[in-house]
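> no FASTA, just this:
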Ligand SMILES: [Zn+2]
């Protein structure tokens, strides 16, 4: 697939040609993701009054540095230091220790004492209350066993493209699909604890896909306020670093990104800065420019009607990047950077 920016010759990476992936998905839609998230959030909001002052401090800290004028969201500064927030396997936010972060509970006295007659059950944070975030874990571990399905061409407006791709992997076999789903789970926990409704394009519950057009459609149908597709790249082994991909203006066929180009660019800048601050990962030295790229060949972006960007968190074919991406603590930092960028995007202008 033709790219909009130059890319050095090198091993062909599935992502190079198709970072987004996908399947005719009737089995699952955003609605199914919503309901459990909400109920889990309600359960997760029960916090001890004694923790509230701590949470307030954290929230204020985040607010202080979370402006788009700053490249380092506060939660990132503190974020990598919250490995305890890592939900192994992306469990529900209920078990997320970050549940302690948030606004003071109503029903709490100035001294922080709860009225015993009213058990505290309040959102851990309302920063993202009423906002919907779409998280798109790139590819699917089942894609390699469903080549016929994922090779089917779908319409992305200015071209026809494979429904989805298998994605890449590290030399030791850790797949991009596993990586992206894990990071998405971690980011979901953080965002849910801040009050967001988080919709996943898939949750490891489909045999393959979904197709790239459906990946976009799920965010559109959910009326997501922002969307991020998470990937690991498969670039030349001597190249390293991460980059963010933003939508080009594409008005062709069923694609019309005119309305999302600007907000997606703002999201892309926030994500570039936040991810860099949270992980220390350098900007890619083999593709993009200063960690930013703009493309017109990705169905997941072309067909989106909500602000959306992709992030290639690192180059899985590079030994140093692969080492980091295989480390759960680093993945927690990656998730923190993604969640902080989305939070900044949704709470600032
Ligand atoms: Zn990918």
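Yes, it's here. The model shown is predicted, which means the values in this text are computed figures rather than measured ones.

> ok, now which ones touch the residue in the chain positioned nearest to the ion?
Nearest to the ion, among the residues of the chain, is residue 231, at 3.4 Å (CB to the ion). Where you see a C-beta, it was placed from the backbone N, CA and C, and this is true even at glycine. Counting by CB atoms under 8 Å, 6 or more residues apart in numbering, residue 231 makes contact with 15, 19, 138, 139, 167, 176, 180, 310, 311, 312, 313.

> which residues does the last one contact?
This means residue 313. 179, 183, 230, 231, 232, 233, 242, 275, 279, 281, 325, 334.

> Could you check how far it is from residue 340?
Residue 313 sits 14 Å away from residue 340, taking CB to CB, to the nearest Å as the criterion.

> Run through the bridge partners of residue 175.
Residue 175 has these beta-bridge partners by DSSP bridges: residue 169.

> Residue 328 versus that one, what's the distance?
Taken as CB to CB, the span from residue 175 to residue 328 is 15 Å.

> pLDDT-wise, which helix or strand of this structure ranks last?
Lowest mean confidence among the helices and strands of the chain (mean pLDDT, DSSP states H and E): helix 74-78, at a mean of 35.

> Touching the helix or strand just after that helix from outside, list them.
Downstream of helix 74-78, the first helix or strand assigned by DSSP states H and E is strand 132-137. For strand 132-137, the external contacting residues (CB under 8 Å, 6+ apart) are 20, 30, 177, 180-181, 183-184, 187-188, 191, 196-202, 204, 215, 218-219, 222-230, 300, 306, 308, 342, 346.

> Tell me which strands strand 132-137 pairs with, and in which orientation.
By DSSP bridges, strand 132-137 pairs with strand 197-200 (parallel), strand 226-233 (parallel).

> just for the stretch 1-150 of the chain, where's the confidence low?
1-124 (pLDDT under 70).

> Stretch 297-309 near the ion anywhere?
No. Using CB under 5 Å from the ion, stretch 297-309 never reaches the ion; the gap is at least 9.9 Å.

> Can you give me the first-to-last residue distance of that stretch?
End-to-end distance of stretch 297-309 (CA to CA, to the nearest Å): 13 Å.

> and if you look at stretch 162-174?
23 Å.

> ditto for stretch 290-300
End-to-end for stretch 290-300, by CA to CA: 22 Å.

> Any buried residues in that stretch, and which?
291, 292, 293, 294, 295, 296, 297, 298, 299, 300 (16 or more other CB atoms under 10 Å).

> Can you name the two of those that sit furthest apart?
291 and 299 (22.6 Å; CB to CB).
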